[in-house]
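Visitor: coords below, sequence missing:
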């Protein structure tokens, strides 16, 4: 086997492995490896892509997001794709990240202020509001199409059904994380493998009355599509979220 064929075979094996673990993690809520090991798989594939750019013609690892929605829910296309975050494993990755931002904004060698937020290990969801009324709630799905889990999301007390604030956009999809606190999980640990599994399993029940029994929380942190949103930066947006009645992470800086 030639060197290039061997590289392609190894790359395809990594892609297959990543997709398999995505399905277990996002679709069936039964992760088979740790987050750290999953990140290492992706890092290995990204290294190959960087060294051999022709591999991106097969699959672009960064385009593999989540997993296909389950058939038990209606599928709805996201107005704006729900993309995943990139990882930085060391100081060099962080420097590379800052350089890319500088190049994109045409602000090379300038200090850029960053807004940092702790990652919550839960389930991503997007809330679609029209004229202040919660119209739809979707899961991430594969990033392009999500599951309609509106009724289940409405059982979460952190999620406002109606927002009357005058500065609330005409249309917006507000995104955040559905999760369960460790203290609440202790009471449910016999039913679920871990807190993320508890959040995901509860959120994807066909009967929302079951979801209502689980103490789920929601933290808002970003938006996708918007019409009439007036903010200058992420910290302004986070303040607005609090004004509108959403919970935000108190450790944001």
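Guide: Now that the structure is in, tell me what you want to look at. Computed from a predicted structure; not experimentally measured.

Visitor: For residue 231, pull up the helix or strand it's in.
Guide: Assessed by DSSP states H and E, residue 231 sits outside every helix and strand.

Visitor: Next up, phi/psi of residue 217, please.
Guide: Dihedral pair for residue 217: phi -120, psi 160, per degrees, to the nearest 10.

Visitor: wouldn't it be in contact with residue 156 here?
Guide: Yes: with contact defined as CB atoms under 8 Å, residue 217 counts as touching residue 156 (7.1 Å). C-beta here means a position set from N, CA and C on the backbone, and glycine is covered the same way.

Visitor: Now for those two: what residues contact both?
Guide: Common contacts of residue 217 and residue 156 (CB atoms under 8 Å, 6 or more residues apart in numbering): residue 178.

Visitor: And the helices in this protein?
Guide: Along the chain, the segments classed as helices by DSSP state H run 3-22, 35-51, 91-105, 150-153, 182-185, 195-203, 208-212, 234-243.

Visitor: between those helices, which one is nearest to residue 126?
Guide: Smallest distance to residue 126 across the helices of the chain (CB to CB): 9.5 Å, for helix 150-153.

Visitor: where along the stretch 51-200 of the chain do the strands fall?
Guide: For the stretch 51-200 of the chain, the strands defined by DSSP state E, counting those that start in this stretch cover 75-77, 123-130, 133-139, 145-147, 171-179.

Visitor: Now those in a markdown table, please, with extra columns for mean pLDDT and mean neighbour count.
Guide: Below are those laid out as a markdown table (pLDDT from 0 to 100; neighbours: other CB atoms under 10 Å):
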| stretch | mean pLDDT | mean neighbour count |
| --- | --- | --- |
| strand 75-77 | 93 | 15 |
| strand 123-130 | 95 | 22 |
| strand 133-139 | 96 | 20 |
| strand 145-147 | 92 | 22 |
| strand 171-179 | 96 | 22 |
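
Visitor: do you know which of these lies nearest residue 210?
Guide: When these are compared by CB to CB, strand 171-179 sits nearest residue 210, at 14.7 Å.

Visitor: Relative to that closest one, what are the paired strands and their orientations?
Guide: Using DSSP bridges, the strands paired with strand 171-179 are strand 123-130 (antiparallel), strand 217-227 (antiparallel).

Visitor: Quick check: buried residues in the longest one?
Guide: The reference is to strand 217-227. For strand 217-227, the neighbour count (16 or more other CB atoms under 10 Å) marks 217, 218, 219, 220, 221, 222, 223, 224, 226 as buried.

Visitor: Report the contact partners of residue 252.
Guide: So residue 252 contacts 115, 116, 117, 118, 235, 238 (CB under 8 Å, 6+ apart).

Visitor: do the same with residue 158
Guide: For residue 158, the contact set (CB under 8 Å, 6+ apart) comprises 217, 218, 219, 246, 247.

Visitor: ok so, going back, distance to residue 143 added to the strands paired with strand 171-179, as CSV?
Guide: Output for the strands paired with strand 171-179, formatted as CSV (distance: least, CB to CB, whole Å):
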stretch, distance to residue 143
strand 123-130, 10
strand 217-227, 11
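
Visitor: now for these, which one comes closest to residue 41?
Guide: Closest to residue 41 of the strands paired with strand 171-179 is strand 123-130 (CB to CB; 20.3 Å).

Visitor: Run through who's touching that closest one.
Guide: 78-79, 82, 134-140, 146, 149, 153, 159, 163, 168-179, 196, 199-200, 203, 218, 224.

Visitor: one more time with 6 Å, if that's ok
Guide: The contact list for strand 123-130 (CB atoms under 6 Å, 6 or more residues apart in numbering) reads 134-138, 140, 171-175, 178, 199-200, 203.
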